[in-house]
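Enquirer: Here's a sequence, model it:
(one chain, ligands or ions: 3)
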Amino acid sequence: MTQNILLLPGDGIGPEIMAQAVRVLNKLKTDGLDIQWDTALIGGCAVDETGNPFPEETLKKCRAADAVLLAAVGGPQYDSLPREQRPERGLLAIRKEMQVFSNLRPAVVYPELVEASTLKPEVIAGLDIIIVRELVGDIYFGEPRGIEQRVTENGEERVGFNTMIYNETEIRRIAHSAFKTAQKRNKKLCSVDKMNVLEATQLWRDVMIEVSAEYPDVELTHMLVDNAAMQLVRNPKQFDVMVTGNMFGDILSDAASMLTGSIGMLPSASLDANGKGLYEPIHGSAPDIAGKNLANPLAMILSVAMMLRHSLNQTEAADRVDNAVKAVLAKGYRTGDIMTEGGIKVGTVEMGGAVLAEM
Ligand SMILES: NC(=O)C1=CN([C@@H]2O[C@H](COP(=O)(O)OP(=O)(O)OC[C@H]3O[C@@H](n4cnc5c(N)ncnc54)[C@H](O)[C@@H]3O)[C@@H](O)[C@H]2O)C=CC1
Ligand SMILES: CC(C)CC(=O)C(=O)O
Ligand SMILES: [Mg+2]
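Expert: Residues are numbered from 1 along each chain as shown. Ligands and ions are numbered 1, 2, ... in the order given. As a prediction, this is how the structure comes out:
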């Protein structure tokens, strides 16, 4: 049966990198993979057209799709809009709507890119870790939130507030997802929290420990998030699978991306309870390089591979895409963000073409 993919190019470099993903999908389809796709608006482009960062039509198409591939949203031109109209609200809305609570963010150092990292080779060579980030709860969604006039100890002034909140069910389901991920790998799970000061994350730790009883083969450790940020840079190979909340996972995964050479290298899969998924590179819309053929499309293309593997059950096609990326790196093709000595400097389109040639 034909599998339906919804493409959401979004803003900034989004359409540029999505165009390279579409070339990959076209190649797979031409070679016999039974897929088709449709496109819809999300983020700033959706606000421009409809006033809504996650329009009803996109929601409908999203529900009808077997998997959703999203590039990136946002840009400085939208920063002064009311919060409900900001592109990032569209992103939060689609994640919540799809209930894709388990966000897998693998950080893998390709041998050819060891020197592209700012860290010493011995610290990062061979690194292969995965951050499991809870994606539909925490302070990004917690209510109440807002900016309002209040009386404080300083008199009347504006107060900004958000709510960090997790219930036990939310923690338990991400815990199971993380333990299962660890079981398929090296059976080591590090849960990252801030239980020394935040009650929401004390509950996080308590529930992680409770769930660990069901996974006696997995070694569970705990780390406070400030230390975890430092340890990721000091000695990242001590980790295998890390599990953490929405905000800490957002921050730690950007940091982890630089171990691999660039944020342009990290794909992600966000899965619901049934394996339906939303696939996106971890980076944003990179307005500073948008429209210049400078963006690295590999995180986007690797997200296609994750989609083929996790939601479409097309392991062979996923391997084909992953191997093509490995091959272009081995041949020395480099966008500016991953330049190494002797590398062949290419732009977004040429990198997409190199992947296609390898396929
Ligand atoms: N998933 C999403 O759609 C996300 C959206 N955003 C939004 O994106 C906009 C820009 O946010 P920033 O904080 O600048 O983060 P960003 O991730 O867009 O960019 C950070 C830095 O990394 C570079 N970069 C990012 N992706 C790259 C790629 N594929 N190749 C080469 N270099 C790349 C950018 O040029 C920039 O210097 C904001 O509006 C933000 O809200 C931010 C993060 C995630
Ligand atoms: C709107 C943000 C929560 C997006 C982001 O930075 C991310 O998911 O990595
Ligand atoms: Mg982020």
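Enquirer: Which secondary structure state is assigned to the residue of the stretch 201-350 of the chain at minimum distance from ligand 2?
Expert: Per CB to the nearest ligand atom, the residue of the stretch 201-350 of the chain with the smallest distance to ligand 2 is residue 250, at 4.6 Å. All C-beta atoms are positioned from the backbone trio N, CA, C, and that covers glycine. Under the three-state scheme (DSSP: H, G, I helix; E, B strand; the rest coil), residue 250 adopts helix.
Enquirer: Contacts only, for it.
Expert: Counting by CB atoms under 8 Å, 6 or more residues apart in numbering, residue 250 touches 133, 140.
Enquirer: now it: how far from residue 133?
Expert: According to CB to CB, to the nearest Å, residue 250 stands 7 Å off from residue 133.
Enquirer: Which pLDDT value belongs to residue 136?
Expert: Residue 136 is assigned 98 on the pLDDT scale.
Enquirer: Can you find the residue of the protein that comes nearest to ligand 2?
Expert: residue 88 (3.8 Å).
Enquirer: State which one residue of the stretch 251-359 of the chain is found closest to ligand 1.
Expert: For the stretch 251-359 of the chain, CB to the nearest ligand atom, closest residue to ligand 1: residue 284, 2.4 Å.
Enquirer: Find the nearest non-adjacent residue to that residue, please.
Expert: Using CB to CB, 6 or more residues apart in numbering and skipping the chain neighbours, the partner closest in space to residue 284 is residue 72 (5.1 Å).
Enquirer: ok, the residue lying farthest from the centre of the chain to residue 148 distance?
Expert: In terms of distance from the mean C-alpha position of the chain, residue 155 ranks first, at 42.0 Å (CA atoms, centre = their mean). To residue 148, residue 155 is 15 Å away according to CB to CB.
Enquirer: would you say residue 74 is within a strand?
Expert: No. Looking at residue 74 with three-state DSSP, it is coil, so not inside a strand.
Enquirer: Tell me who's in contact with it.
Expert: Shown in contact with residue 74 (CB under 8 Å, 6+ apart): 10-12, 43-44, 86-88, 91, 284-285, 287.
Enquirer: can we see that at 6 Å?
Expert: Neighbour list for residue 74: 11, 87-88, 284-285 [criterion: CB atoms under 6 Å, 6 or more residues apart in numbering].
Enquirer: if you look at the residues you listed, which of them are in helices?
Expert: When DSSP state H defines the helices, the subset of the contacts of residue 74 inside them is 87-88.
Enquirer: what's the pLDDT at the residue of the stretch 201-350 of the chain closest to ligand 2?
Expert: 98.
Enquirer: how about the closest residue to residue 166 other than its chain neighbours, secondary structure?
Expert: Counting by CB to CB, 6+ apart, residue 166 lies nearest to residue 200, which is 5.0 Å off, once chain neighbours are set aside. The three-state assignment at residue 200 reads helix, by three-state DSSP.
Enquirer: Residue 200 and residue 167 touch, don't they?
Expert: No. The criterion here is CB atoms under 6 Å, and residue 200 misses it with residue 167 at 9.5 Å.
Enquirer: Could you check which of the two has the larger neighbour count?
Expert: residue 200 (20 against 11; other CB atoms under 10 Å).
Enquirer: Now do the contacts for the more buried one.
Expert: 164-166.
Enquirer: Give me the buried entries from these.
Expert: Neighbour-count burial (16 or more other CB atoms under 10 Å) applied to those gives 164, 166.
Enquirer: from the contacts of residue 200, which is closest to ligand 1?
Expert: residue 164 (19.6 Å).
Enquirer: surely that closest one meets residue 139?
Expert: Yes. Counting by CB under 6 Å, residue 139 is a contact partner of residue 164 at 4.2 Å.
Enquirer: Near ligand 2, which residues of the stretch 251-359 of the chain? Just list them.
Expert: residue 282 (CB under 6 Å from any ligand atom).
Enquirer: Equivalent analysis for the stretch 101-250 of the chain, please.
Expert: Close to ligand 2, as judged by CB under 6 Å from any ligand atom, the stretch 101-250 of the chain has residues 140, 250.
Enquirer: related to what we said a few turns ago, Serialize the contacts of residue 74 to a markdown table and add fields for distance to residue 325 and pLDDT.
Expert: Listed next are these as a markdown table, based on distance: CB to CB, whole Å; pLDDT from 0 to 100:
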| residue | distance to residue 325 | pLDDT |
| --- | --- | --- |
| 11 | 24 | 98 |
| 87 | 28 | 97 |
| 88 | 28 | 97 |
| 284 | 21 | 98 |
| 285 | 22 | 98 |
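Enquirer: which SSE is residue 118 in?
Expert: For residue 118, there is no helix or strand it lies in under DSSP states H and E.
Enquirer: how much space between it and residue 264?
Expert: According to CB to CB, residue 118 stands 14 Å off from residue 264.
Enquirer: Counting neighbours, go ahead and name the busier of those two.
Expert: Using other CB under 10 Å as the criterion, residue 118 and residue 264 rank with residue 264 on top: 27 against 9.
Enquirer: for the residue nearest to the more buried one when sequence neighbours are not counted, what are its contacts?
Expert: Spatial nearest neighbour of residue 264, chain neighbours left out: residue 296 (2.9 Å); criterion: CB to CB, 6+ apart. Counting by CB under 6 Å, 6+ apart, residue 296 makes contact with 264, 335, 337.
Enquirer: number of nearby residues for the closest residue to the last one other than its chain neighbours?
Expert: So the one you mean is residue 337. If the residues on either side of it in the chain are set aside, residue 337 comes closest to residue 262, at 4.0 Å by CB to CB, 6+ apart. Neighbour count for residue 262, taken as other CB under 10 Å: 21.
Enquirer: Cool, thanks, signing off.
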